[in-house]
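> output the structure for:
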Amino acid sequence: MFLLGAQGTGSAPQELPLPGSCGSAVPATGLDAAQQTMALRYAALAADIHVGGSRVPRFADGLGLHRLLDAVRLSAAAGCRLERRADGRWPVRSPWPQR
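Purely as a prediction, here's the structure:
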C-alpha cells in the first residue's frame, strides 16, 4: 500500500512517505492491501484502548453513516431531495435508535 501525491497542476504524482504512526505495529510486507488496512485498524484500536484517543470510528459514527444511507434510500425511492433539519438530523424514520 502506498500514497501518491503531487503539488501544483503540472507535476506528476510521486510516492509520499507515510507517517510512522500509520504502520508501526503492522508489517510492511506479506499482507495484501485489504489485510494491511484491517491490521492498521486493529493497531489503531489497540492504541485507543491502551493510550486513549479516537483513531478508529466509534459506534456513533457507524450509526450516523447508516442514518445517512437510510436517507439516501428514502430519497431515491421517493424521487426527491431530502434536506437535513436544523438539528442536523435527517427527516427519515430509521430502524436505528435515536439518541
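
> count of neighbours near residue 12?
With neighbours defined by other Cβ atoms under 10 Å, the count for residue 12 comes to 6. Where you see a C-beta, it was placed from the backbone N, CA and C, and this is true even at glycine.

> and the spatially most central residue of the chain, how far from residue 14?
The central residue of the chain, meaning the one whose C-alpha is nearest the mean C-alpha position (Cα atoms, centre = their mean), is residue 57 at 7.0 Å. From residue 57 across to residue 14, the span is 30 Å (Cβ to Cβ, to the nearest Å).

> got it, and residue 65?
For residue 65, the distance to residue 14 (Cβ to Cβ) stands at 33 Å.

> secondary structure class for residue 4?
Following DSSP: H, G, I helix; E, B strand; the rest coil, we place residue 4 in the strand state.

> helices or strands up against the one helix or strand in the chain whose mean pLDDT sits lowest?
Considering only helices and strands, the least confidently modelled element of the chain by mean pLDDT, DSSP states H and E is strand 3-5, at a mean of 81. Counting by 3 or more Cβ pairs under 8 Å, 6 or more residues apart in numbering; DSSP states H and E, the packing neighbours recorded for strand 3-5 are strand 14-16.

> could you export stretch 39-54 as PDB, CA atoms only?
Output in PDB follows, covering the C-alpha atoms of stretch 39-54 (Å, rounded to 0.1, in the frame of the first residue of the first chain):
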ATOM      1  CA  ALA A  39      -4.300  -4.700  10.500                       C
ATOM      2  CA  LEU A  40      -3.800  -0.900  10.700                       C
ATOM      3  CA  ARG A  41      -7.400  -0.500  12.000                       C
ATOM      4  CA  TYR A  42      -6.700  -3.200  14.700                       C
ATOM      5  CA  ALA A  43      -3.400  -1.500  15.700                       C
ATOM      6  CA  ALA A  44      -5.200   1.900  15.900                       C
ATOM      7  CA  LEU A  45      -7.900   0.300  18.100                       C
ATOM      8  CA  ALA A  46      -5.300  -1.200  20.400                       C
ATOM      9  CA  ALA A  47      -3.700   2.300  20.700                       C
ATOM     10  CA  ASP A  48      -7.100   3.800  21.500                       C
ATOM     11  CA  ILE A  49      -7.500   1.200  24.300                       C
ATOM     12  CA  HIS A  50      -4.000   1.500  25.700                       C
ATOM     13  CA  VAL A  51      -3.300   5.200  25.300                       C
ATOM     14  CA  GLY A  52      -6.700   6.800  24.800                       C
ATOM     15  CA  GLY A  53      -7.900   8.900  21.900                       C
ATOM     16  CA  SER A  54     -10.100   8.200  18.900                       C
END
